[in-house]
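A.B. asks: quick check, what structure comes out for this input:
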Amino acid sequence: MKRLFKSGYFFLYLMLLSSSVYAAQSSFQISPPPIATPEFDAGKVDKKFSATYVGISGTGFDLYGAGVNSITRTANSDMTALDLSFGGFIMSGTMVFGTSKGDLLVMNVPFSVNFEFQPVKNENIALILFGGPMVNFGLSSLSYESQYYNPFTNRTTTDTTTSSTTTLLYGVQGGAQLGIKAGGFTISPFAMFQSQQGTASTTTSSAYGSSSSSISIPAFTSTSYGLDILYRPWNMTLSSMLQEAAKSGSGSNSNEGFKTTIISLSWNY
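C.D. replies: Numbers count the residues shown, from 1 in each chain. This is a model prediction of the structure:
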């Protein structure tokens, strides 16, 4: 049972992210940055809607899914702006622990607020620095078959064990994006750093009965590098990002690290 609890927490811990990544501190990724467009003008409101593919992998597990995300930015001046980002994602996959292989289902809702500063903007290039708080809410389910000895029948029986977990992660993020115009395109490389921690509550049911437990998720960091390609005549953006989260914690509260790949197609309006 302790193994199951640990696997449930670990899985749930991995799946976020959102954001979201594996043991190295950084890597190249494919995904949109958490801001609407690579430049802004005073008094203008920019919006971005994205359809996204997400893949998450780590030691003994893989998750694949899709989701949507919306970003709204309001520029207070030619140098400062505020943006809000909100999304929803669903993923499924498998996890291997010991001799068992479980089925995973994950739902994830990320939210962030970014303060933006634009120190450079001209006809050919723009630079935006951004940072702010973030929150990530997740629900996950892990189920797998295992064998146990039934003392009443004196036989070994196969049973399905199910673990449901609710997770809340919170922290801060920050980064920079460079916009370079080339004909009708804007090429926008970006980098982002995130630091998160949180809590997780798990309920487990099996032939042995049911139990519940809660843990604190230790602080962990992730670093992302990505690229946006905006085709301005259509206001369409193709984005890609690879993100890695570092290993953190120890014992039953440890996170082994995980890697997230994101590919998005966005409409700017």
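A.B. asks: helix or strand right after the helix or strand containing A176?
C.D. replies: Here A176 sits within strand 155-182, counting by DSSP states H and E. Using DSSP H and E, the helix or strand that follows strand 155-182 towards the C-terminus is strand 185-206.
A.B. asks: and that next one, what's buried?
C.D. replies: For strand 185-206, burial by neighbour count (16 or more other CB atoms under 10 Å) applies to 186, 188-194, 196, 198, 200-202, 204, 206. From N, CA and C alone the C-beta is placed, and that goes for glycine too.
A.B. asks: and it, what does it pack against?
C.D. replies: Counting contacts by 3 or more CB pairs under 8 Å, 6 or more residues apart in numbering; DSSP states H and E, strand 185-206 packs against helix 2-15, strand 125-150, strand 155-182, strand 209-231.
A.B. asks: let's see that with 6 Å instead.
C.D. replies: Helices and strands touching strand 185-206, by 3 or more CB pairs under 6 Å, 6 or more residues apart in numbering; DSSP states H and E, are helix 2-15, strand 155-182, strand 209-231.
A.B. asks: which of these is buried the deepest?
C.D. replies: For these, the largest average neighbour count (mean count of other CB atoms under 10 Å) is found in helix 2-15, namely a mean of 24.
A.B. asks: averaged pLDDT, that one. What do you get?
C.D. replies: For helix 2-15, mean pLDDT is 40.
A.B. asks: picking that back up, among the buried residues of strand 185-206, which one sits closest to S112?
C.D. replies: Relative to S112, the closest of the buried residues of strand 185-206 is Q194; by CB to CB it sits at 9.4 Å.
A.B. asks: mind pulling up the pLDDT for the residue lying closest to the closest one once chain neighbours are set aside?
C.D. replies: In this structure, Q194 finds its nearest non-sequential neighbour in Q173, 4.4 Å apart by CB to CB, 6 or more residues apart in numbering. Per-residue pLDDT puts Q173 at 93.
A.B. asks: same check, this time on P189
C.D. replies: 93.
A.B. asks: also Y149?
C.D. replies: Reading off the model, Y149 has pLDDT 70.
A.B. asks: and it, how far from S239?
C.D. replies: According to CB to CB, to the nearest Å, Y149 and S239 sit 52 Å apart.
A.B. asks: of the two, which one has the most company?
C.D. replies: Under the criterion of other CB atoms under 10 Å, the comparison of Y149 against S239 puts S239 first, with 24 against 9.
A.B. asks: so how far is the helix or strand where that one lies from its chain's centroid?
C.D. replies: Using DSSP H and E, S239 sits within strand 236-245. Strand 236-245 sits 11 Å away from the centroid of its parent chain (CA atoms, centre = their mean, to the nearest Å).
A.B. asks: tell me the bridge partners for the residue nearest to Q194.
C.D. replies: With DSSP bridges applied, Q173 shows beta-bridge pairing to G132, Q194.
A.B. asks: how close does S92 sit to Y53?
C.D. replies: According to CB to CB, S92 stands 13 Å off from Y53.
A.B. asks: and if you look at Y225?
C.D. replies: 18 Å.
A.B. asks: could you pull up the mean pLDDT of the strand holding S239?
C.D. replies: 80.
A.B. asks: quick check: T156 touching Q147?
C.D. replies: Yes - assessed by CB atoms under 6 Å, T156 is found in contact with Q147 at 5.2 Å.
A.B. asks: neighbour count winner among S92 and Y53?
C.D. replies: Between S92 and Y53, counting by other CB under 10 Å, Y53 is the more crowded of the two (17 against 13).
A.B. asks: which residue is the nearest non-sequential neighbour of the more buried one?
C.D. replies: Nearest in space to Y53, with sequence neighbours left out and distances taken as CB to CB, 6+ apart, is I263 at 4.7 Å.
A.B. asks: give me the number of residues near the one you found?
C.D. replies: 18.
A.B. asks: and the closest residue to D159 other than its chain neighbours, how close does it get to E123?
C.D. replies: Closest residue to D159 apart from its sequence neighbours, by CB to CB, 6+ apart: A207 at 4.0 Å. Applying CB to CB, the value for A207 to E123 is 69 Å.
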